[in-house]
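# Structure for this input, please:
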Amino acid sequence: MNRARRARIVATLGPASRAPGTVKALAQAGVDVFRLNFSHGSHDDHAAALKAVRGAEMALQRPLGVLADLQGPKLRLGRFANVEIAVKPGHTMRFDLDPTPGDETRVQMPHPEIFKALRPGMLLLLDDGRVRLRVGERSDEWADVTVESGTKLSDRKGVAVPDAVIPVSALTPKDREDLAFALRLGVDWVALSFVQKPEDMAELKQLVKGQAACLAKIEKPAALTDLEAILDYCDGVMVARGDLGVEMDPEEVPVAQKLIVRAARNRGVPVIVATQMLESMTSAPAPTRAEATDVANAVYEGADALMLSAETASGDYPLEAVGIMDRIMQRVEKDPLWPTLMASEHLGIDEDVDALVGAARKATDAPSTACVVAFTTLGGTARRMSRERPLKPILVLTPNPNTARRLALVWGLEPRLGEQPDSLEAVTDDAVNSAVKFGLAQPGQRILILAGTPFGAPGAANLLRLAHAPQPKAKKPRR
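Below is the predicted model of the structure:
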């Protein structure tokens, strides 16, 4: 079950895909991490999905990650007396805190924190940007707005304020309940939606207490301003282009994607590119050429993983979507220009800080090197090696199943469970035998070994060793 490509695939489970047989088929087709979207489905649904993932993992003998994606705060309008009103450019109305059903002149916006953040001239986006409004006079309890574009407004449509940081916690009461449940289930990653500032991720990390890795979804323009500070608290990051695209002009989204991917890669933080990667495959058996190019461009950028949402959760062709994404990734990675283009998105290693990894990276360029074997307890050594994007496979051996599952998200890593070696001889023997066993080296080929001493203690790698895969023993001639 080694992957024939380095970039990883995240697939969302839902009604179309959470059956155990389908989960196993998706993993065989190329899924490395399965996403549980807590915006939809019940706790029982997610528990059954995770059980199916663990069953597939056991059957395929390959670690599979599980990502719990929390819904986050949803800012919405109240209700209209007639469910929907017609609007047009120039239409004026008031948003207020009154729960009385609205009409063409006013409607409730039950979020006093939004009113406090608004200023005259600010832009409001409703219904995923289909209606654009400009703020006029306002107070802490109401705001007069003028429609700039749009045709209708209906009950409970979402509200976005791209020009302001809204003083709300990124964790709602529902999120806290979902988080506690997800941690009891034993998920490997937790994703926080609508991150605006570093304190949002700090709060999540405090609640998770190391039980899972924490990932920030960047879908608010405010997060881009504080991106480096947010990354200080991140084990991973997601370019959530759907909501990001609502609050930014379309021409800004590709630039934001580049910014986030580059910043994450330079930190060695795994980065997922998500939303509408193969959207047409929700109802069609093949993607558009533009979608195929979108997937390819993310691979050229060196993103750790690409994510499928509705394509696998509720679409008609979940297996086909995973299959074509896998094929596009493999094709890009066979392009002779791919390494150069990917390297251009990375600042390069600081060898004063990580000289050992730098030396290992250079050694992977030798034709005689078959693979790298990294021994790790918590995953730090493997992630630092992945950050340099070597073109040789990286076999990660860890005694910790949680570490192996978390590393399933990371570019180029082939995590496997292994015993904790207690000596240099054991490290060498385990490395060369495992490389041959898992099909990453042939007998006689050179293997690079990264490990840390004292063996089994968490910490940075301080040992780089060259070894050769053992040759098969010659059979004694019969007498």
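# going forward, measure contacts between C-alpha atoms and count neighbours the same way
OK.
# Go ahead and flag the most central residue of the protein.
Nearest to the mean C-alpha position of the chain, counting by CA atoms, centre = their mean, stands residue 272 at 3.6 Å.
# What mean pLDDT does the strand or helix carrying residue 153 get?
Using DSSP states H and E, residue 153 maps to strand 152-154. In this model, strand 152-154 has a mean pLDDT of 93.
# and if you look at stretch 430-439?
On average, stretch 430-439 scores 94.
# List the contacts of the residue nearest to the centre of the chain.
Shown in contact with residue 272 (CA atoms under 8 Å, 6 or more residues apart in numbering): 236, 237, 238, 239, 303, 304, 305, 306, 307.
# Please compute how far the longest helix belonging to the chain lies from its chain's middle.
Longest helix of the chain, by residue count under DSSP state H: helix 43-60. From the chain centre to the centre of helix 43-60 is a distance of 19 Å (CA atoms, centre = their mean, to the nearest Å).
# Beyond that helix, next helix or strand please.
Next along from helix 43-60, by DSSP H and E: strand 65-69.
# those helices in the stretch 101-250 of the chain, which residues are they?
Counting by DSSP state H, counting those that start in this stretch, the stretch 101-250 of the chain has helices at residues 112-117, 173-185, 198-208, 221-225, 227-231, 241-247.
# Out of those helices, the one nearest residue 41 is which?
helix 173-185 (11.3 Å; CA to CA).
# Can you list the helices and strands that that closest one packs against?
The contact analysis (3 or more CA pairs under 8 Å, 6 or more residues apart in numbering; DSSP states H and E) places helix 173-185 against helix 43-60.
# Check which residues of the helix it packs on are buried.
By neighbour count on 16 or more other CA atoms under 10 Å, the buried set for helix 43-60 is 45, 46, 47, 49, 50, 52, 53, 54, 55, 56, 57.
# just stretch 429-440 next, same as before
429, 430, 431, 432, 434, 435, 436, 440.
# which other residues reach it?
With CA under 8 Å, 6+ apart, stretch 429-440 has contacts from 2, 370-371, 373, 393, 395, 421, 441-443, 447, 449, 467-470.
# I'd assumed residue 101 was in contact with residue 109.
No - using CA atoms under 8 Å, residue 109 makes no contact with residue 101, being 10.8 Å away.
# Of the two, give the one with the bigger neighbour count.
More crowded of residue 109 and residue 101, by other CA atoms under 10 Å: residue 109, with 24 against 15.
# how deep is the nearest residue to the more buried one once chain neighbours are set aside tucked in, by neighbour count?
Leaving aside its sequence neighbours, residue 109 sits nearest to residue 77 (CA to CA, 6 or more residues apart in numbering; 4.7 Å). Other residues within reach of residue 77, judged by other CA under 10 Å, total 23.
# Check the one 3 residues further on too.
A count of neighbours around residue 80, defined by other CA under 10 Å, yields 21.
# Tell me how far it lies from residue 308.
35 Å (CA to CA, to the nearest Å).
# Would you mind stating the distance between residue 444 and residue 360?
19 Å.
# try residue 251
Distance of residue 251 to residue 360, computed by CA to CA: 39 Å.
# These two: which is more packed in?
Legend: neighbour count by other CA under 10 Å for residue 251 and residue 360, higher for residue 360 (20 against 9).
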